[in-house]
Structure formats: C-alpha cells, structure tokens
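Asks: I would like to see how this sequence folds:
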Amino acid sequence: MQLVAIENFRMIDRNKAAGAGQFREGQTDASVELIFYLQSNYCVTVKVGRHDKTFFQEKLDDFVHENRVELKKMVAPMIPPAREAARKAWMEQYRE
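Replies: Predicted structure coming up:
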C-alpha cells in the first residue's frame, strides 16, 4: 500500500486538520480521510477518518502508524496556508 497524494487539506477545528489521502495498492485506489492533530505549525499525530471499505481499517491504521513520521513531514508545509485560510474565513464570517 502506498499514499499517492493528500488533497483538500483544510482546517476542521482550531487544532485539527483533515485531508483526503489517495491510497493505492496494486490496481486498487481509494480515498481515505486522514485527520491531523496539530500544535502550532507541527503535526502531533495522524488518525484514519472516514473511508469506504476498499481497505480494512486495521491495514490503514498500520500504514499510518508505520509512516507517521513521513506523513507529518509531508503535511508540515500545508499547515500555515491552511491556518491562514481558516483565519480569513473566520474573519469574513464575523465581519459586520
């Protein structure tokens, strides 16, 4: 199993982000929601979110656990722009 890309990385809470991980194993592709728990501009941990049943939950959990360091490095440059976009959206929402 390999992670091809992370798409639609966005803030879903103050210190939580999500992205659609595109996974591939052989000829099988699947989109899996990955949830990233953040502290400032650093990813503390990664969890598997919603997904169809293309891949078993245990297999996805094992992949994320084994590759957590690489996943954290992969999303590190995505965190500041996502935080800024969330901040701007919040400001627009509460602008008078």
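Asks: Three-state assignment for P81, please.
Replies: helix (DSSP: H, G, I helix; E, B strand; the rest coil).
Asks: tally of neighbours for it?
Replies: By the criterion of other Cβ atoms under 10 Å, P81 has 10 neighbours. For the C-beta atoms, the positions are set from N, CA and C on the backbone; glycine is no exception.
Asks: same question, I79
Replies: Residues within reach of I79, counting by other Cβ under 10 Å, total 19.
Asks: So it versus A5, what's the distance?
Replies: As judged by Cβ to Cβ, to the nearest Å, I79 and A5 stand 17 Å apart.
Asks: What are the buried residues along whatever helix or strand Y37 lives in?
Replies: Assigned by DSSP states H and E, Y37 belongs to strand 28-39. For strand 28-39, burial by neighbour count (16 or more other Cβ atoms under 10 Å) applies to 30, 32, 34-36, 38.
Asks: ok, now stretch 63-77?
Replies: 63-64, 71-72, 74-75.
Asks: Tell me which strands whatever helix or strand comes next after the strand holding Y37 pairs with, and in which orientation.
Replies: The first helix or strand that comes after strand 28-39 along the chain, using DSSP H and E, is strand 42-51. Here strand 42-51 has these sheet partners by DSSP bridges: strand 28-39 (antiparallel).
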